[in-house]
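Undergrad: Fold the stuff below for me.
(2 chains)
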Number of protein chains: 2
Amino acid sequence: MKTKKSRTEGSRYYPKRYDADPASRDAILDEGLVCHIAFNLQDQPFIIPTAYCRVGDTIYLHGSVGSHFFMQMAKGIPVCITVTHVDGLVLARSVFHHSMNYRSVVAFGKNRLVESDEERRLATEKFTEHVMPGRWSEARLPNAGEMKKTMFIAVEIEEASVKFRAHGVLDDPEDMELDVWAGVLPLKLVAQPPEADETGKAGLALPGYVRNYQRQVKDK
Amino acid sequence: MKTKKSRTEGSRYYPKRYDADPASRDAILDEGLVCHIAFNLQDQPFIIPTAYCRVGDTIYLHGSVGSHFFMQMAKGIPVCITVTHVDGLVLARSVFHHSMNYRSVVAFGKNRLVESDEERRLATEKFTEHVMPGRWSEARLPNAGEMKKTMFIAVEIEEASVKFRAHGVLDDPEDMELDVWAGVLPLKLVAQPPEADETGKAGLALPGYVRNYQRQVKDK
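TA: Okay, here's the model as predicted:
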């Protein structure tokens, strides 16, 4: 698949933090809600945070028809897509060894406009189920007019760098007897109590997929 | 401050989602733990997720001396820095009107290597206090050897686009009577129980700044 010099060669420099297992890449992508996508216009890099979903080696993005950025994407300009999870704060005895536990995917690929109705419909379903599994079979599905207003871009992943830190404090031996509390403070994106929209039909039960919502967490 | 065509002119297209208040920019930046920074090498955009802190209009980044990316940054290549918070999932009655509540800053600026010892020391303190307020006065401070291993880059923000969505469901009138639960599921990055490092001195009390940790949340 590689058509030019690897864009992920950094893997060499800090091998302990790289993970070549494709399942790790997919787990990180599937847990994320927003990706950051970078592109370049006249030597100025831009980043857009946007929703996405993954199907195999394809990342789908969507936006309004006529969006400047999506028009550029449709032309196939090079992009970089990153998804990052912050899993915890590592509090060492020394400031220098403070760190964060995290998981990230930095992906490079070829992008194309999604044109077939079938793939556009599939991407819409995957988007919905990526964010809220169970929702597709309940919400009112898109009609032809709504589909016409939406543009889909597919980024076929060619290379991805999967990085993580998932361990405890690593202090210098001479600091171990200091009177400084050390440890990891884990962090997690947690659903708060749902806020029902009161403007429609009353008395509808809160769906189980909302009540029990959580992003999947893969242990490393 | 603007030296060329605005890089944030998108503000025109969806004015309701843009916020020109500098306090909003700062609140979003100060709440984040990781930023995404994009740069361009030979027409290929790259993104690196990395820790940061803000002092006034300056975003500080740090890395190991000799890091390829930081060496490029020190040369002053154009960058884009983005910080995004996902605040909730908006579940409309129709798939088409599903959305997310979020806040984001996309910032452009000039970067420079931080050379003075005083500014390097200040950045180290701000970094530590940005992630864990209270930690600087307790942890063992960096020594000269540790400071030598660390490189700091300052990005002076010239322009920033502050975007957000912070409201409830907006469905079409004809969908309001559907038997579909609709509402917002708020999301929050929440600290989980701290995991003490058991390899050092025993019996140290958990500091209050760890026990009560939360990222500041600004209401819109």
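Undergrad: Now do the contacts for the nearest residue to residue A:181 once chain neighbours are set aside.
TA: Distance criterion Cβ to Cβ, 6 or more residues apart in numbering or on different chains; nearest residue to residue A:181, sequence neighbours excluded, is residue B:204 at 4.6 Å. To be clear about C-beta, it is placed using only N, CA and C from the backbone, and glycine gets the same treatment. Taking Cβ atoms under 8 Å, 6 or more residues apart in numbering or on different chains as the criterion, residue B:204 is in contact with A:179-181, B:196.
Undergrad: Can you spell out which helices and strands pack onto the helix or strand of chain A with the lowest mean pLDDT?
TA: Least confident helix or strand, chain A: helix A:68-74 with a mean of 86, by mean pLDDT, DSSP states H and E. Counting by 3 or more Cβ pairs under 8 Å, 6 or more residues apart in numbering or on different chains; DSSP states H and E, the packing neighbours recorded for helix A:68-74 are strand A:34-41, strand A:58-64, strand A:99-113, strand A:150-165.
Undergrad: what's the pLDDT at the nearest residue to residue A:160 once chain neighbours are set aside?
TA: With sequence-adjacent residues excluded and distances taken as Cβ to Cβ, 6+ apart, residue A:160 is closest to residue A:107, at 4.2 Å. We have a pLDDT of 96 for residue A:107.
Undergrad: hang on, the earlier thing: between the contacts of residue B:204, which sits nearest residue A:173?
TA: Nearest to residue A:173 out of the contacts of residue B:204 is residue A:180 (Cβ to Cβ; 14.5 Å).
Undergrad: Next, that closest one: secondary structure please.
TA: coil (DSSP: H, G, I helix; E, B strand; the rest coil).
Undergrad: in terms of contact, does it touch residue B:140 like I think?
TA: Yes. Applying Cβ atoms under 8 Å, one finds residue A:180 in contact with residue B:140, separated by 6.6 Å.
Undergrad: Report the set of residues contacting both of the two.
TA: residue A:93.
Undergrad: The residue nearest to residue A:181 should be in a helix, yeah?
TA: No. Residue B:204 sits outside any helix when classified using three-state DSSP, being coil.
Undergrad: roughly how far apart are it and residue A:85?
TA: 29 Å (Cβ to Cβ, to the nearest Å).
Undergrad: can you check residue A:135 too?
TA: 22 Å.
Undergrad: Where is the longest helix in chain A?
TA: helix A:117-131 (DSSP state H).
Undergrad: close to chain B, is it?
TA: Yes. Counting by Cβ under 8 Å from any Cβ of the partner chain, chain B has neighbours in helix A:117-131: A:124, A:128, A:131.
Undergrad: The residue nearest to residue A:160 touches residue A:157, doesn't it?
TA: Yes. Counting by Cβ under 8 Å, residue A:157 is a contact partner of residue A:107 at 4.9 Å.
Undergrad: between the two, which one's more packed in?
TA: residue A:107 (27 against 20; other Cβ atoms under 10 Å in any protein chain shown).
Undergrad: Residues that sit against both of residue A:107 and residue A:157, list them.
TA: Counting by Cβ under 8 Å, 6+ apart, the contacts common to residue A:107 and residue A:157 are residue A:59.
Undergrad: which residues sit against stretch A:120-128?
TA: A:51-55, A:60, A:62, A:114, A:135-136, A:139, A:142, A:147, A:150, A:152, A:154, B:95, B:98.
Undergrad: For residue A:45, which non-adjacent residue is spatially closest?
TA: Closest to residue A:45 by Cβ to Cβ, 6+ apart is residue B:38, at 4.0 Å.
Undergrad: sorry, back to before: could you provide the residues of helix A:117-131 next to chain B in CSV, with additional columns for distance to residue B:42, neighbour count and pLDDT?
TA: Converted to CSV, those look like this (distance: Cβ to Cβ, whole Å; neighbours: other Cβ atoms under 10 Å in any protein chain shown; pLDDT from 0 to 100):
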residue, distance to residue B:42, neighbour count, pLDDT
A:124, 35, 22, 98
A:128, 38, 22, 97
A:131, 35, 21, 97
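Undergrad: quick one: which of those is nearest to residue A:162?
TA: residue A:131 (22.1 Å).
Undergrad: rewinding a little: which of the helices and strands packed on helix A:68-74 is buried the deepest?
TA: strand A:34-41 (a mean of 23; mean count of other Cβ atoms under 10 Å in any protein chain shown).
Undergrad: which helices and strands does that one pack with?
TA: strand A:44-51, strand A:58-64, helix A:68-74, strand A:79-91, strand B:34-41, strand B:44-51, strand B:79-91.
Undergrad: Listing partners with orientation, what would you give for it?
TA: strand A:44-51 (antiparallel), strand A:79-91 (antiparallel) (DSSP bridges).
Undergrad: who touches the least confident helix or strand of chain A?
TA: Counting by Cβ under 8 Å, 6+ apart, A:39, A:41, A:46, A:48, A:61, A:63-64, A:79, A:111-113, A:151, A:153, B:10 sit against helix A:68-74.
Undergrad: again, but for stretch A:141-159
TA: A:1-3, A:6-8, A:57-67, A:70, A:73-74, A:79, A:81, A:107-114, A:117, A:119-121, A:123-124, B:94-96.
Undergrad: and if we set it to 7 Å?
TA: A:1-2, A:6-8, A:57-65, A:67, A:70, A:73-74, A:79, A:81, A:107-114, A:120, A:123-124, B:95-96 (Cβ atoms under 7 Å, 6 or more residues apart in numbering or on different chains).
Undergrad: quick one: low-confidence ranges for chain A?
TA: By pLDDT under 70, the low-scoring segments of chain A are A:1-17, A:216-220.
Undergrad: Quick check: bridge partners of the residue nearest to residue A:45?
TA: residue B:47, residue B:80.
Undergrad: May I ask you to confirm that it is in contact with residue A:38?
TA: Yes. Using Cβ atoms under 7 Å, residue B:38 is in contact with residue A:38, at 3.7 Å.
Undergrad: Distance of the residue sitting furthest away from the middle of chain A relative to residue A:188?
TA: Largest separation from the mean C-alpha position in chain A: residue A:177, at 40.0 Å (Cα atoms, centre = their mean). Computed as Cβ to Cβ, the residue A:177 to residue A:188 distance reads 32 Å.
Undergrad: ok, now residue A:136?
TA: Using Cβ to Cβ, which is the criterion applied here, residue A:136 is 26 Å from residue A:188.
Undergrad: Likewise for residue A:199?
TA: 32 Å.
Undergrad: Who has more neighbours out of those two?
TA: Using other Cβ under 10 Å as the criterion, residue A:199 and residue A:188 rank with residue A:188 on top: 16 against 12.
Undergrad: Is that one in contact with residue B:191, as I believe?
TA: No. Counting by Cβ under 7 Å, residue A:188 stays clear of residue B:191, with 8.2 Å between them.
Undergrad: Might one say that residue A:187 is in contact with residue A:88?
TA: Yes. With contact defined as Cβ under 7 Å, residue A:187 counts as touching residue A:88 (5.5 Å).
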